[in-house]
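Visitor: Based on what follows, work out the 3D shape:
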Amino acid sequence: MADEFFYTTPLDPLAQPLVEQLTWEYATRYGSYFGEPPGAEMSRYPASLFAPPEGNFVLLLRDGRAIAGGAFKRYDAQTAELKRMWTDSAFRRQGLARRVVEELEAQAVRQGYGKIFLTTGFRQPEARDLYLSTGYTPLFDPAVDPEVYKKLAFEKDLAVAAYRLRPPAEQLPVSAA
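Guide: All right, here's what the predicted structure looks like:
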């Protein structure tokens, strides 16, 4: 069976294994480093922020099982904020996170956003590398020890994603007569 995207909520039982893995990952990588209880990030935002019209939450399913997922919420009127990106530990190194990022970008465009902002923690080099390799602009100096920044911020203009979503006829340049 082919993988499929499924839009839902972080409270969906299908999402729970991924949410639990992500919570455990935050707790083990950061503990109380940021002065909060381990895993506090996962309860910072209500699930309603990741719902249309201003947000969304997607799972990538394989044979009915969530193997990756992510979400966005409103950051400002033109910008979505990417959150909750995660790939099941048994399914890594298959390009699944990249697929989820691309799907969320396309959905953000469909919902009227022109830009994405996100942060990831300094102890998540695989996330940093994912965003760098998918065209996100770092809002920090990548040559500096990431612990100096604590949270690594990125942004991306979605004009290219919007262009990809247009029907082919709309993508053709208009010649001057």
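Visitor: helices and strands around the longest strand seen in the chain, which ones?
Guide: If you go by DSSP state E, the chain has its longest strand at strand 65-76. Secondary structure elements in contact with strand 65-76, counted by 3 or more CB pairs under 8 Å, 6 or more residues apart in numbering; DSSP states H and E, are helix 16-30, strand 56-62, strand 79-87, helix 96-110. Yep, even glycine has a C-beta here, placed from its N, CA and C like the rest.
Visitor: Helix, strand, or coil at residue 152?
Guide: strand (DSSP: H, G, I helix; E, B strand; the rest coil).
Visitor: Show me what it bridges to in the sheet.
Guide: Residue 152 forms beta bridges with residue 120, as assigned by DSSP bridges.
Visitor: ok, now which ones touch it?
Guide: Residue 152 sits next to 119-122, 128, 138, 140, 146 when contact means CB atoms under 8 Å, 6 or more residues apart in numbering.
Visitor: Could you identify the buried members of these?
Guide: When these are checked for burial by 16 or more other CB atoms under 10 Å, the buried set is 119-122, 128, 140, 146.
Visitor: and of those residues, the nearest to residue 62?
Guide: Within the buried ones among the contacts of residue 152, the smallest distance to residue 62 is 24.5 Å, found for residue 120 (CB to CB).
Visitor: wait, isn't the closest one in contact with residue 129?
Guide: No - with contacts counted by CB atoms under 8 Å, residue 120 stays clear of residue 129, the gap being 10.1 Å.
Visitor: So for stretch 49-67, what gets flagged as buried?
Guide: Taking 16+ other CB under 10 Å as the neighbour-count basis, stretch 49-67 is seen to contain the buried residues 49-51, 54-62, 66-67.
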